[in-house]
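Asks: Build me a structure from this.
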Amino acid sequence: MKKGNPVRFSEHALAKLDVLAAHGWRLDTDQIEAVVKEPDRIEEGYKGRKIAQRGIGTGHVLRVVFEELPDGILNRDHVSWAKGEV
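Replies: Purely as a prediction, here's the structure:
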C-alpha cells in the first residue's frame, strides 16, 4: 500500500462514524486514515477488499474495510471496533 495515496470515504463509511459516536466511540477520518495507511495487521476481505486492523485502547481493535484503487484508497464499506487484540 502506498502511503501517499489519498483516502476517500463512502457515504456509508461516514455514516458508520456517526453510529460509533452514538455508542461512545468518537473517531474522525484522520484516525481511520491512519489505520488504513499504518495498520497492525491486514486481512483479505470479500471481493478483493482488505481489512486493516489496529489495536486501540485496552483490549479493542479498530477494523476498516477498504479497496485499494489505482488513484487512491477508497474506504468503501465500514469502520468497526470490537473487543479483542490484533
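
Asks: tell me the SS of Trp25?
Replies: coil (DSSP: H, G, I helix; E, B strand; the rest coil).

Asks: what about it, distance to Asp40?
Replies: 18 Å (CB to CB, to the nearest Å). C-beta: built from backbone N, CA, C; applies to glycine.

Asks: Next up, the contacts around the residue lying closest to Glu44 once chain neighbours are set aside.
Replies: Spatially, and ignoring its direct neighbours in sequence, Glu44 is nearest to Lys50 (6.5 Å; CB to CB, 6 or more residues apart in numbering). Lys50 sits next to Ile42, Glu43, Glu44, Val65, Phe66, Glu67, Glu68 when contact means CB atoms under 8 Å, 6 or more residues apart in numbering.

Asks: On the pLDDT front, check the residue nearest the centre of the chain for me.
Replies: Nearest to the geometric centre of the chain sits Val64, at 2.2 Å (CA atoms, centre = their mean). Looking at Val64, its pLDDT stands at 88.

Asks: Sketch out the strands for the chain, chain order is fine.
Replies: With DSSP state E, the ranges of strands along the chain come out as 7-9, 41-44, 50-56, 60-69, 72-75, 79-83.

Asks: Per-residue pLDDT of the residue nearest to Glu44, please?
Replies: pLDDT recorded at Lys50 is 90.

Asks: in the lengthiest helix in the chain, what's buried?
Replies: The longest helix of the chain (DSSP state H) is helix 11-22. Neighbour-count burial for helix 11-22 flags Ala13, Lys16, Leu17, Leu20 (criterion: 16 or more other CB atoms under 10 Å).

Asks: now swap in stretch 43-55 and tell me
Replies: Gly45, Lys50, Ile51, Ala52, Gln53, Arg54.

Asks: List the beta-bridge partners for the fifth one.
Replies: What it means is Gln53. Bridge pairing for Gln53 (DSSP bridges) gives the partners Arg41, Arg63.
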